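Asker: coords please:
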Amino acid sequence: METDCNPMELSSMAGFEEGSELNGFEGTDMKDMRLEAEAVVNDVLFAVNKMFVSKSLRCADDVAYINVETKERNRYCLELTEAGLKVVGYAFDQVDDHLQTPYHETVYSLLDTLSPAYREAFGNALLQRLEALKRDGQS
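Answerer: Residues are numbered from 1 along each chain as shown. Model prediction:
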């Protein structure tokens with residue numbers, strides 16, 4: 001099962017909020033990948049053991065690195081670019097230039113392939129959100 005949405009955002013499908021830090025990028029092609037990486041981390045932190053933007057690997061306008069430890073205690077270093085996310089190492093802050101892994105369009109898709117426990121946590125969060133919506137609708 002591939003999941004490409006964040007269950008926490010189901011109630012709000014609006015794009016950028018007014019006053020958002022990212023609004024300054026509207027109308028430009030350049031993005032700060034560190035900001036993008038921080039947003040990725042915040043989206044899925046609930047479903048992994050640890051996840052943070054690397055402080056030792058360089059971040060630039062076109063690339064950022066994210067360290068993640070899954071609930072199975074597997075560690076990965078992820079590269080985030082305009083092409084998407086991919087595993088570049090099997091330890092925090094490790095980049096193996098010879099590693100050939102596919103890009104994933106979303107962090108949800110990538111974690112879905114790496115971590116059955118992520119898939120379960122995602123499903124549980126989705127179920128809780130739907131139950132809350134149902135309760136709110138009956139009030």
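
Asker: Quickly find the element holding the closest residue in space to Val53 that isn't next to it in sequence.
Answerer: Once flanking residues are discounted, Val53 sits nearest to Ala37: 4.6 Å by CB to CB, 6 or more residues apart in numbering. Every residue, glycine included, has its C-beta placed from N, CA and C. Element membership for Ala37, per DSSP states H and E: helix 33-44.

Asker: which parts of the helix or strand following that helix are buried?
Answerer: Next helix or strand after helix 33-44 toward the C-terminus (DSSP H and E): strand 50-53. Going by neighbour count (16 or more other CB atoms under 10 Å), the buried part of strand 50-53 is 51, 53.

Asker: any idea of the mean pLDDT for strand 50-53?
Answerer: Taken as a whole, strand 50-53 has an average pLDDT of 97.

Asker: What are the buried residues along stretch 85-103?
Answerer: By 16+ other CB under 10 Å, the buried positions in stretch 85-103 come out as 85-89, 92, 94, 101.

Asker: And for stretch 108-128?
Answerer: Those would be 108-112, 114-115, 117-119, 121-122, 125-126, for stretch 108-128 by 16+ other CB under 10 Å.

Asker: Just the pLDDT for the residue nearest to Val53.
Answerer: 96.

Asker: which stretches of this protein have low pLDDT?
Answerer: Scanning the chain for pLDDT under 70 picks out 1-31, 139.

Asker: Tell me which stretches of it form strands.
Answerer: Using DSSP state E, the strands of the chain run over 50-53, 64-69, 75-81, 84-89.

Asker: I'd like to know which of the buried residues of stretch 85-103 is nearest to Arg58.
Answerer: Nearest to Arg58 among those, counting by CB to CB, is Val88 at 13.0 Å.

Asker: got the contact list for Val95?
Answerer: Listed by CB atoms under 8 Å, 6 or more residues apart in numbering, the contact set of Val95 reads 57, 65, 77, 79, 88-89.
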